[in-house]
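I'll drop the sequence and a predicted model, then ask my questions.
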Amino acid sequence: MEQFTSTVESQVIPMSTIDMLPGIFNTSFVNFYKNHSAVDEFMPFDQLKTAFYLALQAFPILAGHLKQTGDARFSIVVDKENLNMPEYLESTSGVHYKDIESSGFDKRVWPSGVATVGQIMAPDANGIIKIANVHIVRFKDNSGLILFLNIIHCVADGFAYFAFLNHWAAVCKAMHSGAVETPKPVVEFTFDRSIIEQSLPTERKQLGAPTSSIFAQPSLLSKWLAWMSPEMRGSMLRLLVSLITTETHVFHIADSTLETLRSSISGFVPEGMHLSDNDVLMALLSKTYAQAQHSVKKKSGNIVTRVLGSIGSAVFGRLFRAEEHQATGVVCDIRPRIGIADKNYIGAPLIVPSIRNTLSDLLMPTTAKSLAIIASGVRRCVNSLDAPYISTYIDAMNSTPSFFAQQVGYLLKNRTAFRASNHTRFRMFEADFGDGHQEWVTFIKDRPGTIIFMPCPPPMKGVNVSMCVEPLVLRELLANEYWMSVASQIS
C-alpha cells in the first residue's frame, strides 16, 4: 500500500452532470481464472496486491471520497492525509475450479460472498461509499481464482473499468516476469472532466420528444432522491432492490445466427438504412423482454405490487403515470462522437436518449418484419447522436442536475422500461496477470431488467447476452419460442 500512499497527491475532481447519469450504480464484474498447469505459484496473493497498489498510482481517483454539494452536483476529493482506500479482501474456498467450470459458471455453485457489493452504490458498514472494491477468492487446491472488482459507475463506465483492470494485470505480469521497474500505462489516462465541455460544438440540435419528455418530468420522488446524500440514497435504493428476487443468466447468440437475423430484418427497413448488430439485438431484446413482462402480468399480476405491497405501489402510481409504451434507452458512449476517443478519458461519458415503442408493436408476434419496426427506430436514433445533439443533451443535464434521480424514479415505476449496454467492444478478456487470461467474465447485477451485450470468451464466436431478471420473467423468456430459436442459455 505504501507504494501508492507515499506518492499520491491531493486533488479535487469535479464530477460532470453526465457522470452522474448512471451515478447511483456500480460497475461490477467477476473474472474467473484457471490454473491450467497446476503450478504452485499461480497468481500469488502478495503479487496481486502489490501490483494493485502500484497500478493505483495511475488511478488516484479510486482512493477519493465522493462528496455531494447542495445543488445535486458531486466531486471526488483525493486527500493524501485522509484517503478513502479501496476495499481489498482475500479469501480461500473449498470449491474446486472444475466444479465451477462444469456448471457453466452457474452462480449457484460459486463460493459464498464473492461480490462484496451489489449493483447500487451504497455505503459500507462504516457508512462510507468506497470508490472501488476488490475480492480475490482462491479455489480449492489452487485450481483457479476469482477476481471481483467493483468501481462506482460515476467514476468508471465499462471502458474505464477494463482500462484499470488491464493496467493492473500488465503491472502484475511485469512483476511475474521479473521486471525491476513498474511498467508505465500503455496509454496516458485523462480524468479532467472539463475535456468534455471543451470538445462540444456551439451548434445545438433538438433532442426529440421521447427524451425531452423524461427531462420534463420532475417529480416529488426525483427531487427527494436528489436532495438525499449519496449514502442515504444508496441505502434506501439498496433496500428497495433487495425486496425483489432476481436471477442473472447468460444466453449465447452465434455469429451466424445474428447475421441471418440481420439479413432477414434488413429486407423490411427503409432503403439505404444499414443495421448494426446492436440495432438488431436492441430490437430483439426490447420485444422479448416486453413480451415476457406482459405474460407475467397477465398470469400473476404486477410483480412490484406483490413485492413492495399495495402502499408502495400506490405511492409510485401517484408520482408517475402509467404508460402504454416502452421507453427504450439507447446507451451511447460519447467519446468517439465528440472527438475524444484518443484521450482515454476515465469517467462515465454516456448519454441515454430514449425511443418510445408502443406496447402494441412490441407485443406483436416476433417476425423479421415486426423486429424491423423496432430496429429501424434504434438506427434512426443512433444516427442522430452527433456532437450538436450531445451538446443539447448536456445542456439539459446541466440545467437539471437532479436528472439522474428522475431516471431512477422513472425506472422504479415503469417495469417495461428497457435499456441494454453494449460491451462487445471492450477489452474484456485481455487481463493477463502472468498466468493467462480470464476463462469467463460475468457481471454482478441485482436490478431487474439489467441487460448487457458482452463479447464471448475465445474461441467462441458471437455475442453473450447477460440478463438480470425476476424468476417469473425468466420462465417466460425460456418459453418464448422465437427467442429460444436464436439464443441458447449457457449459464
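Done, it's in.

does residue 156 really touch residue 28, like I thought?
No - the pair residue 156 and residue 28 does not pass the contact test of Cβ atoms under 8 Å, sitting 10.7 Å apart. The C-beta positions use only the backbone N, C-alpha and C, and glycine is treated the same way.

Neighbour count for those two, which is higher?
residue 156 (27 against 23; other Cβ atoms under 10 Å).

Write down the beta-bridge partners of residue 31, one by one.
residue 147, residue 441 (DSSP bridges).

How much space separates it from residue 441?
As judged by Cβ to Cβ, to the nearest Å, residue 31 and residue 441 stand 5 Å apart.

ok, these two, which is more surrounded?
Using other Cβ under 10 Å, the more surrounded residue of residue 31 and residue 441 is residue 441, with 24 against 21.

quick one: the more buried one from residue 33, how far?
The value you get for residue 441 to residue 33, if Cβ to Cβ is used, is 10 Å.

again with residue 270
For residue 270 relative to residue 33 (Cβ to Cβ), the value is 47 Å.

close enough to count as contact, residue 229 and residue 69?
No - using Cβ under 8 Å, residue 229 is not in contact with residue 69; the gap is 11.0 Å.

more crowded one of the two?
More neighbours surround residue 229 than the other of residue 229 and residue 69, with 13 against 10 (other Cβ under 10 Å).

okay, and the helix or strand of the chain with the least pLDDT?
When the helices and strands of the chain are scored by mean pLDDT, DSSP states H and E, helix 303-319 comes last with a mean of 42.

Contacts only, for residue 144.
Contact analysis of residue 144 by Cβ atoms under 8 Å, 6 or more residues apart in numbering lists 32-35, 42, 97, 100, 138, 439.

the more surrounded of residue 270 and residue 33?
residue 33 (24 against 9).

you'd agree residue 221 is in a helix?
Yes - counting by DSSP: H, G, I helix; E, B strand; the rest coil, residue 221 falls inside a helix.

and the longest helix seen in the chain, how far from the chain's centre?
Looking across the chain with DSSP state H, the single longest helix is helix 277-300. Relative to the centre of its chain, helix 277-300 is centred 19 Å away, using Cα atoms, centre = their mean, to the nearest Å.

Quick one: low-confidence residue ranges for the stretch 101-250 of the chain.
The stretch 101-250 of the chain contains residues with pLDDT under 70 at 180-186, 217-219.

Please, where are all the strands along it?
Per DSSP state E, counting those that start in this stretch, the stretch 101-250 of the chain carries strands over the ranges 132-138, 144-152, 247-254.

what comes up buried for the last one?
Buried positions in strand 247-254, judged by neighbour count with 16 or more other Cβ atoms under 10 Å: 248-254.

Neighbouring strands - and their directions - for it?
Here strand 247-254 is paired, per DSSP bridges, with strand 462-469 (antiparallel), strand 488-489 (antiparallel).

Give the rounded mean pLDDT of the last one.
Averaging pLDDT along strand 488-489 gives 94.

can you check stretch 68-86 too?
Rounded mean pLDDT across stretch 68-86 is 89.

Could you list the buried residues of it?
68, 72-76, 78, 83-84, 86.

just stretch 116-135 next, same as before
In stretch 116-135, counting by 16+ other Cβ under 10 Å, buried: 116-123, 129-135.

Just the CA atoms of that stretch, as CSV, please.
What follows is stretch 116-135, C-alpha atoms only, in CSV (Å, rounded to 0.1, in the frame of the first residue of the first chain):
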residue,chain,number,x,y,z
THR,A,116,-18.9,-7.7,-1.6
VAL,A,117,-21.3,-5.0,-3.0
GLY,A,118,-24.4,-5.1,-5.2
GLN,A,119,-25.5,-3.0,-8.1
ILE,A,120,-26.5,0.0,-6.1
MET,A,121,-23.8,2.4,-5.0
ALA,A,122,-24.2,2.4,-1.2
PRO,A,123,-22.2,2.9,2.0
ASP,A,124,-20.3,0.1,3.7
ALA,A,125,-20.7,-0.9,7.4
ASN,A,126,-18.8,2.2,8.4
GLY,A,127,-21.2,4.5,6.4
ILE,A,128,-18.6,5.2,3.7
ILE,A,129,-19.0,4.8,0.0
LYS,A,130,-15.9,3.1,-1.4
ILE,A,131,-14.9,4.1,-4.9
ALA,A,132,-13.5,0.6,-5.6
ASN,A,133,-13.8,-2.8,-4.0
VAL,A,134,-11.7,-5.9,-4.7
HIS,A,135,-12.2,-9.5,-3.5
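
just how off-centre is that stretch within its chain?
Centre to centre, stretch against its chain (Cα atoms, centre = their mean), the figure for stretch 116-135 is 16 Å.

mind putting the buried residues of strand 247-254 in CSV, distance to residue 341 included?
As requested, these are exported to CSV (distance: Cβ to Cβ, whole Å):
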residue, distance to residue 341
248, 31
249, 33
250, 29
251, 30
252, 29
253, 27
254, 29
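
Which members of those are the farthest-apart pair?
Greatest spatial distance in the buried residues of strand 247-254: 248 and 254, 21.2 Å, computed using Cβ to Cβ.

re earlier: so which of the buried residues of strand 247-254 comes closest to residue 9?
Closest approach between the buried residues of strand 247-254 and residue 9, by Cβ to Cβ: residue 248, at 39.3 Å.

out of everything not next to it in sequence, what's closest to that closest one?
residue 468 (4.8 Å; Cβ to Cβ, 6 or more residues apart in numbering).

So which of the strands paired with strand 247-254 is the most surrounded?
Of all those, strand 462-469 has the most neighbours on average by mean count of other Cβ atoms under 10 Å, namely a mean of 22.

Tell me which other helices or strands the helix or strand just after it touches.
For strand 462-469, the following helix or strand on the C-terminal side (DSSP states H and E) is helix 471-479. Counting by 3 or more Cβ pairs under 8 Å, 6 or more residues apart in numbering; DSSP states H and E, the packing neighbours recorded for helix 471-479 are strand 247-254, helix 277-300, strand 462-469.
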